[in-house]
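1. Please find the sequence and the predicted model below.
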Amino acid sequence: MAEHAQPDRQSWTVTLVCGASGVGKSSIAIPLAARYGVPLAEADDIVTALQALTTPQQSPMLHYWSTHPEAQSWAPERIAELHFAVADALRPGVEAVIADHIKFGAPVVFEGDYLVPELADGFGGAARAVVLGEPDDERITANLRARESDRGDQRHRARVSTLVGAQLTKRANAVGMPVVPARPWHDGLDRVDRALRGWRRSA
């Protein structure tokens with residue numbers, strides 16, 4: 001795949017690259033931002049800022065992982081539920097950031113584990129989201145091991161990611177946002193770009 005010599009501008013303002021941990025969001029979001037000629041932003045930075053500005057008493061859900069370390073050993077299904085509870089707690093803040101970018105015409109590509117496709121809904125097409133899908137536990141396990149070789153087996157975490165990914169796909173379908181398979185990797189950027197450009201707002 002040839003890289004574009006000049007930015008290939010998109011017609012909308014905010015792009016959300018959604019997906020479970022370990023599916024390859026960064027490998028798509030980084031070159032996508034370069035292709036569009038816009039900044040890349042990490043939704044995880046919003047989480048970090050909010051955690052620094054609040055206490056567990058003020059925002060218990062945002063601090064849940066640090067105040068309840070035992071949650072790491074929960075069943076994958078329960079961890080996936082907690083993941084979306086945290087995402088829901090973050091939603092007003094992320095929506096405010098999206099709205100600000102749209103108001104001031106400041107294009108950006110956002111990626112992060114807690115982004116959900118319905119965040120792009122309701123902005124009249126000025127925001128678009130894509131879910132990067134990977135349903136194979138073993139593939140996600142391999143991805144996580146390659147990225148974080150010091151964190152052990154990773155199969156439990158990969159199972160959580162598979163469940164989160166399935167729910168993200170369901171949510172994307174509910175609001176009409178595209179879902180793009182993470183593989184094959186060689187043309188992932190082009191497939192995501194086509195899906196975003198081809199999106200049409202439902203009536």
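-> Thanks, I have the structure now. Numbering: from 1, shown residues only.
2. Only C-alpha atoms from now on, for both contacts and neighbour counts.
-> Noted.
3. what secondary structure does Thr15 sit in?
-> strand (DSSP: H, G, I helix; E, B strand; the rest coil).
4. Check the secondary structure at the closest residue to it other than its chain neighbours for me.
-> Spatial nearest neighbour of Thr15, chain neighbours left out: Val109 (4.7 Å); criterion: CA to CA, 6 or more residues apart in numbering. Three-state call for Val109 (three-state DSSP): strand.
5. now the helix of greatest length in the chain: how far from the chain's centre is it?
-> Ordering each helix of the chain by length in residues (DSSP state H) puts helix 76-103 first. Chain-centre distance of helix 76-103: 10 Å, with CA atoms, centre = their mean, to the nearest Å.
6. Remind me what it packs against, helices and strands.
-> Helices and strands touching helix 76-103, by 3 or more CA pairs under 8 Å, 6 or more residues apart in numbering; DSSP states H and E, are strand 14-18, helix 43-53, helix 155-175.
7. before we move on, back to that, how near is the residue nearest to Thr15 to Arg157?
-> Val109 sits 26 Å away from Arg157, going by CA to CA, to the nearest Å.
8. So if I had to pick from the two, which one is more boxed in?
-> With neighbours defined as other CA atoms under 10 Å, Val109 and Arg157 compare such that Val109 has more, 25 against 20.
9. Quick one: residues contacting that one.
-> Val109 makes contact with 14-17, 29, 32-33, 38-41 under the criterion CA atoms under 8 Å, 6 or more residues apart in numbering.
10. buried subset of those?
-> Buried members of those, scored by 16 or more other CA atoms under 10 Å, are 14-17, 29, 32-33, 38, 40-41.
11. Spit out the contact partners of Gln51.
-> Shown in contact with Gln51 (CA under 8 Å, 6+ apart): 62-63.
12. how about the buried ones among the contacts of Val109 in CSV, adding pLDDT and distance to Ala99?
-> CSV is the format used below for these (pLDDT from 0 to 100; distance: CA to CA, whole Å):
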residue, pLDDT, distance to Ala99
Val14, 98, 9
Thr15, 98, 12
Leu16, 98, 13
Val17, 98, 17
Ala29, 98, 20
Leu32, 98, 21
Ala33, 98, 19
Val38, 97, 17
Leu40, 98, 16
Ala41, 97, 15
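13. separation between Val175 and Ala89?
-> Counting by CA to CA, the gap between Val175 and Ala89 amounts to 19 Å.
14. ditto for Gly112
-> To Ala89, Gly112 is 15 Å away according to CA to CA.
15. higher neighbour count, the two?
-> Using other CA under 10 Å as the criterion, Gly112 and Ala89 rank with Gly112 on top: 22 against 15.
16. where in the protein is pLDDT low?
-> For the chain, the stretches with pLDDT under 70 are 1-6, 202-203.
17. wait, is Ala20 part of a helix?
-> No: assigned with three-state DSSP, Ala20 falls outside any helix and is coil.
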